[in-house]
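K.L.:
Next one to model:
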Amino acid sequence: MSELRTLIAAAREGDARAWGLLVGRFDKWVWANVRSYGLAPYDAADAVQTTWLRLVERLDSIRDPDRLPGWLATTAGNEAAALRRRRRGEHLCAAPPECDSGEDVVTTVLTADTVRKLRQAVGELSEPCRSLLRLLLDAQQPTYAELAERLGMPVGSVGPTRARCLARLRAIVSGANP
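P.N.:
Numbers count the residues shown, from 1 in each chain. Below is the predicted model of the structure:
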C-alpha cells in the first residue's frame, strides 16, 4: 500500500497525526493553486481553509488516493473562483452610500500613501532585512526554522535579525538616520 493510501486510510479513521501529515504534505500545493486566482490574502486563506474542510467532508468519497493532489488542486481552484465571484459585487464598506463620502476617500488615500511609503522604506533596507520582512508577511506564516532555512541563517539569529530590521524600518519611516 502506498504511503498516501496509508495516510488517507488513517485519516478516515480519525487519526489526527495522519491529518497533520496530509496537511503538511499538501498545504503548499493548495496555497499555490489558490494564489493563482489573485485573491487578497484573507480571501486566499478562506479558500485554503474551505478546501481542507471539503476534504474532511468528502474524504470517504475519494476512491483513488493517488489522485488526491489533483482533487485538491481542482477543489482549491473551485473554492477560489467561487470566492472571487462572490466578492465581485461586494462593496468595501457595509453601506454602499457611505463609500462615496469624503472621509472614506481621505482614508483610502492615506492608506495607499502609507503602503507606498512602507514599500519604499522596505526597498531602502539592505539584505537580509528586505527578504526577511517580505517572508514574515507571507500568508503561510513561515516558522523561524523555515525562515532560517530560506535565508541561510541559524534559527537563533532570526528573532534578533527581525528586531534589528524592524528598528531600521521604523527609523527610515520616521525619517531618523538608520
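
K.L.:
so what's Thr51 up against?
P.N.:
For Thr51, the contact set (C-beta atoms under 8 Å, 6 or more residues apart in numbering) comprises Val30, Val34, Leu72, Thr75, Ala76, Glu79. No exception for glycine: its C-beta is placed from N, CA and C like everyone else's.

K.L.:
Please repeat the previous calculation with a cut-off of 10 Å.
P.N.:
Going by C-beta atoms under 10 Å, 6 or more residues apart in numbering, Thr51 touches 26-27, 30-31, 33-34, 71-80.

K.L.:
just Ala10 next, same as before
P.N.:
Ala16, Arg17, Ala18, Trp19, Leu21, Leu22.

K.L.:
Give the burial count for the residue nearest to the fifth one when sequence neighbours are not counted, as a bare number.
P.N.:
Think Leu21. Leaving aside its chain neighbours, Leu21 sits nearest to Leu7 (5.6 Å; criterion: C-beta to C-beta, 6 or more residues apart in numbering). Counted by other C-beta atoms under 10 Å, the residues lying close to Leu7 total 20.

K.L.:
likewise the one 4 residues further on?
P.N.:
The criterion is other C-beta under 10 Å. On that basis, Ala11 has 21 neighbouring residues.
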